[in-house]
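Novice: output the structure for:
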Amino acid sequence: MEINLLRILISFLTLAVVAASHAALTPKDYWNSVLPNTPMPSAVSDLLQPDHLMDEKPVGVTFSPGPPAGGIDVGIGQQRSSPFLYTYGSSEDQLHDDPNVALFFLEKDMHPGKRMNLHFMTQDSNTAATFLPRQVAKSLPFSSSRLPEILNKFSLKPESTEANIIKNTIEECEKPGIEGEEKYCATSLESMVDFSTSKLGKDVRASSTEVGKETQMQKYYTIVPGVKKMAGNKAVVCHKQNYAYAVFFCHTTRTTTAYLVPLVGNDGTKAKAVAICHTDTSAWNPKHLAFQVLKVKPGTVPVCHFLPKDHVVWTSK
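Specialist: Predicted structure coming up:
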């Protein structure tokens, strides 16, 4: 069931912090200074605060989180972990009611003519949590050891749904990665840029799934000619998290390949979807949703998944 949360005004930003954020580059300016030749994908630009707001003193941040990371389909219950965590395991019941079953497919099925039942849905851009300037984000606690302080700043009751979402997101960020995986939760656009370029260099491409106007219903999409493998055998994939402001869970392994996959819906909707294929899944949780959906075992065949529209993949040019 989709989580529909009320917008909660947060008044924890002091004038001193705001003033500090204004003294530095805006997130957009930082992107342009570090990556002058890299176009900004919609998954990033949609989360930037409007320029006129950056020139004003904000009174706070709105908490209006949508579905947690992992859902090409409708929103997900707050108790579910992200399927983009390799340690993620699912129960038998989730195979029947988890919308993420539509995410996964085998690499051999990524060919023209293949039909898939998908729904590329993201949160309304008018209510989506936006990026905070790095100076502001760094001033805010982001640790399970400081959860009471975080909830107090957000004016949230510990037993509330919102508090549970905050707790789950932070805990997932703190979980160790599997062998060969480097992971990082970026609490600002600047930190996401820095992590990604530290792994790939500054001659990079940032891509996200682009879809024409969609309805609220799932539809069949057909892969059409033009599947393109992105450069290199290493990618940094950043998944949007469910939080009061924009936070991305980024990770990379050397056994990841990224593709751009053109799709056409049964109603004529065109999409260019980002697909991520993992060539070595031997260290994944044997009960991971992907294995149960695809009826394969860890480490046997490449496992692929599409990225929702508000996620980003970084690759070398």
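Novice: where does the stretch 101-250 of the chain dip in pLDDT?
Specialist: By pLDDT under 70, the low-scoring segments of the stretch 101-250 of the chain are 101, 121-128, 214-218.
Novice: repeat the analysis, applying 90 as the threshold.
Specialist: Along the stretch 101-250 of the chain, the parts satisfying pLDDT under 90 run over 101-103, 117-129, 153-155, 179, 212-220, 231-234.
Novice: strands along that one, start to end?
Specialist: Using DSSP state E, counting those that start in this stretch, the strands found in the stretch 101-250 of the chain span residues 104-106, 115-118, 182-186, 204-207, 210-211, 219-223, 228-229, 235-240, 248-253.
Novice: got those as TSV, with mean neighbour count and distance to F154 columns?
Specialist: Every C-beta, even on glycine, is put in place using the N, C-alpha and C of the backbone. Formatted as TSV, the entries for the strands of the stretch 101-250 of the chain read as follows, by neighbours: other C-beta atoms under 10 Å; distance: least, C-beta to C-beta, whole Å:
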stretch	mean neighbour count	distance to F154
strand 104-106	18	34
strand 115-118	16	34
strand 182-186	20	17
strand 204-207	22	30
strand 210-211	20	32
strand 219-223	18	37
strand 228-229	12	42
strand 235-240	26	19
strand 248-253	23	19
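Novice: select, out of those, the one closest to F142.
Specialist: Closest of the strands of the stretch 101-250 of the chain to F142 is strand 182-186, at 7.5 Å (criterion: C-beta to C-beta).
Novice: mind listing the helices for the chain?
Specialist: 15-23, 27-34, 42-45, 51-54, 94-97, 134-139, 147-153, 161-174, 189-200, 289-294 (DSSP state H).
Novice: mind listing residues that contact the second one?
Specialist: Yep, that's helix 27-34 we're talking about. By C-beta atoms under 8 Å, 6 or more residues apart in numbering, the residues outside helix 27-34 that reach it are 25, 38, 40, 44, 48, 51, 131, 133-134, 188-190, 193, 197, 202.
Novice: so for stretch 274-293, what gets flagged as buried?
Specialist: Buried residues in stretch 274-293, counting neighbours by 16 or more other C-beta atoms under 10 Å, are found at 274-279, 281, 283-285, 288-293.
Novice: check stretch 164-180 too.
Specialist: For stretch 164-180, by 16+ other C-beta under 10 Å, it's I165, I166, K167, N168, T169, I170, E172, C173, G177, I178.
Novice: can I get it in CSV? Just the C-alpha atoms.
Specialist: Once side chains and other backbone atoms are set aside, the C-alpha atoms of stretch 164-180 remain, and they are given as CSV (Å, rounded to 0.1, in the frame of the first residue of the first chain):
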residue,chain,number,x,y,z
ASN,A,164,10.0,4.5,11.6
ILE,A,165,10.9,5.6,8.1
ILE,A,166,13.7,7.8,9.3
LYS,A,167,15.0,5.0,11.5
ASN,A,168,14.9,2.4,8.7
THR,A,169,16.6,4.7,6.2
ILE,A,170,19.5,5.5,8.5
GLU,A,171,19.9,1.9,9.5
GLU,A,172,20.0,0.7,5.9
CYS,A,173,22.7,3.4,5.2
GLU,A,174,24.8,2.1,8.1
LYS,A,175,24.7,-1.6,7.1
PRO,A,176,28.0,-2.9,5.8
GLY,A,177,28.3,-3.7,2.2
ILE,A,178,29.0,-7.2,0.8
GLU,A,179,32.6,-8.2,-0.2
GLY,A,180,33.7,-6.0,-3.1
